[in-house]
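Trainee: pasting the structure only:
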């Protein structure tokens with residue numbers, strides 16, 4: 001514990017964590033009315049949610065692989081994996097409920113880092129294992145039984161990460177995609193608000209044309225003839 005390597009990691013790891021947390025908190029403070037305590041609380045919740053995802057993965061992946069591969073595990077092993085998965089799910093759901101109680105201005109930066117971290121992990125798993133599967137098939141199908149199980153499971157696992165972190169729920173992303181596709185309603189829904197307001201103001205400020213009304217012809221007075 002008190003060796004050179006232990007002392008080095010004992011000093012470097014806390015300093016690295018402090019530096020990362022300080023950087024994220026400093027970036028979050030750029031948001032208007034953001035509070036440091038709420039930012040630190042959101043960081044803690046997202047770290048615990050990441051730990052919950054790892055625990056669920058550690059409990060689910062070996063179980064699925066063993067079932068598909070036909071490898072029978074002992075009852076105690078299945079029970080242990082179930083406990084690990086349940087603990088990860090409870091940890092994830094509990095911290096997810098806590099982080100949604102924090103104002104959005106204080107959790108915007110940690111939430112963005114959390115979402116795109118798992119999005120990057122999902123893309124890496126998806127493309128690397130897909131590439132590995134294609135290369136294995138091009139070099140000839142392996143003779144091992146169930147060689148496809150691990151690549152297929154990891155491809156589905158990476159695709160699940162990509163699907164859960166997709167940005168299509170963002171309003172700006174939806175508007176940008178609508179404008180690129182050129183739908184019929186893009187002229188109104190995708191137009192910037194400033195230009196629409198200018199058009200409305202210009203219409204309101206335009207002078208109204210006076211409609212010329214015809215005067216009713218008054219009956220001519222008939223002069224009475226003098227007798």
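Mentor: Thanks, I have it. What you see is a predicted model; the values in this text were computed from it and never measured.

Trainee: Worst mean pLDDT across the helices and strands of this protein, which element?
Mentor: Across the helices and strands of the chain, mean confidence by mean pLDDT, DSSP states H and E is lowest for helix 186-189: a mean of 38.

Trainee: how about stretch 41-57: buried residues?
Mentor: Counting neighbours by 16 or more other C-beta atoms under 10 Å, one finds that the buried residues in stretch 41-57 are 41-43, 45-46, 48-50, 52-53, 55-56. Using the backbone N, CA and C atoms, a C-beta is placed for each residue, glycine as well.

Trainee: ok, residues contacting it?
Mentor: 21, 24-25, 84-85, 87-96, 98-99, 102, 106-107, 110-111, 113-114, 117-118, 157 (C-beta atoms under 8 Å, 6 or more residues apart in numbering).

Trainee: same question, stretch 97-104
Mentor: 38, 41-42, 45-46, 49, 107, 111.

Trainee: Counting neighbours, which bits of it end up buried?
Mentor: Applying 16+ other C-beta under 10 Å to stretch 97-104 flags 99, 102 as buried.

Trainee: and it, how far apart are its ends?
Mentor: 14 Å (C-alpha to C-alpha, to the nearest Å).

Trainee: and that stretch, average pLDDT?
Mentor: Averaging pLDDT along stretch 97-104 yields 89.

Trainee: re earlier: any idea which of the buried residues of stretch 41-57 is closest to residue 128?
Mentor: Nearest to residue 128 among the buried residues of stretch 41-57: residue 53, at 18.8 Å, using C-beta to C-beta.

Trainee: still on that earlier bit, filter the contacts of stretch 41-57 down to the buried ones.
Mentor: Buried among the contacts of stretch 41-57 (16+ other C-beta under 10 Å): 24-25, 84-85, 88-89, 91-92, 95, 99, 102, 106-107, 110-111, 113-114, 118, 157.

Trainee: circling back: switch the buried residues of stretch 41-57 over to TSV; also include secondary structure, distance to residue 148 and pLDDT.
Mentor: Output for the buried residues of stretch 41-57, formatted as TSV (DSSP: H, G, I helix; E, B strand; the rest coil; distance: C-beta to C-beta, whole Å; pLDDT from 0 to 100):
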residue	secondary structure	distance to residue 148	pLDDT
41	helix	44	89
42	helix	41	89
43	helix	40	89
45	helix	38	92
46	helix	35	92
48	helix	35	92
49	helix	32	93
50	helix	29	92
52	helix	29	93
53	helix	25	93
55	helix	27	93
56	helix	24	93
